[in-house]
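S.K.: Return atomic coordinates for the entry below.
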Amino acid sequence: MPLALSRGSLRPWRRGDEPSLVRYANNRNIWRNLRDRFPHPYTAADADAWITKAEADDHVARVLAEEAQVVPDRPHVRVGDEEAGKE
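M.R.: Purely as a prediction, here's the structure:
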C-alpha cells in the first residue's frame, strides 16, 4: 500500500525499479555503511535479485522503495529542494 508524502511516496519495490536501485545503491559510501553482505559494485544482477526476493517474500516487500522526482543532471537534489535551498 503506497504512503503519500509531500514530495513523493513510499511503496513496495517492483519491476522497473532496477535502474534506479543500481544508480543509488552503487555508491561506495552506501556500501561502507551497510552490512558486509551488501555488494559493491552494485550491479543490475544484484538489483534484479533484490526485486525478485521482494516480490516473493512478504517481509522483504514491506521494505519500501521511495518514489520521488529528482532534478535532471543533479540526482541528489529532489524537485522542490532546489527552490528551498536544500541542495
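
S.K.: and the host helix or strand of residue 55, what does it pack onto?
M.R.: Using DSSP states H and E, residue 55 maps to helix 44-56. Counting contacts by 3 or more CB pairs under 8 Å, 6 or more residues apart in numbering; DSSP states H and E, helix 44-56 packs against helix 18-25, helix 58-61. Yep, even glycine has a C-beta here, placed from its N, CA and C like the rest.

S.K.: Least confident of the ones you listed, on average?
M.R.: Lowest mean pLDDT within those: helix 58-61, a mean of 61.

S.K.: Please list all residues in contact with residue 47.
M.R.: Going by CB atoms under 8 Å, 6 or more residues apart in numbering, residue 47 touches 17-19, 21-22, 25.

S.K.: swap the cut-off to 10 Å and go again
M.R.: 13, 17-23, 25-26, 39 (CB atoms under 10 Å, 6 or more residues apart in numbering).

S.K.: for this protein, what are the low-confidence residue spans?
M.R.: Scanning the chain for pLDDT under 70 picks out 1, 58-87.

S.K.: Who wins on neighbours among the contacts of residue 47?
M.R.: residue 13 (21 neighbours; other CB atoms under 10 Å).

S.K.: give me the number of residues near the closest residue to that residue other than its chain neighbours?
M.R.: Distance criterion CB to CB, 6 or more residues apart in numbering; nearest residue to residue 13, sequence neighbours excluded, is residue 54 at 4.1 Å. Residue 54 sits with 21 neighbouring residues when counted by other CB under 10 Å.
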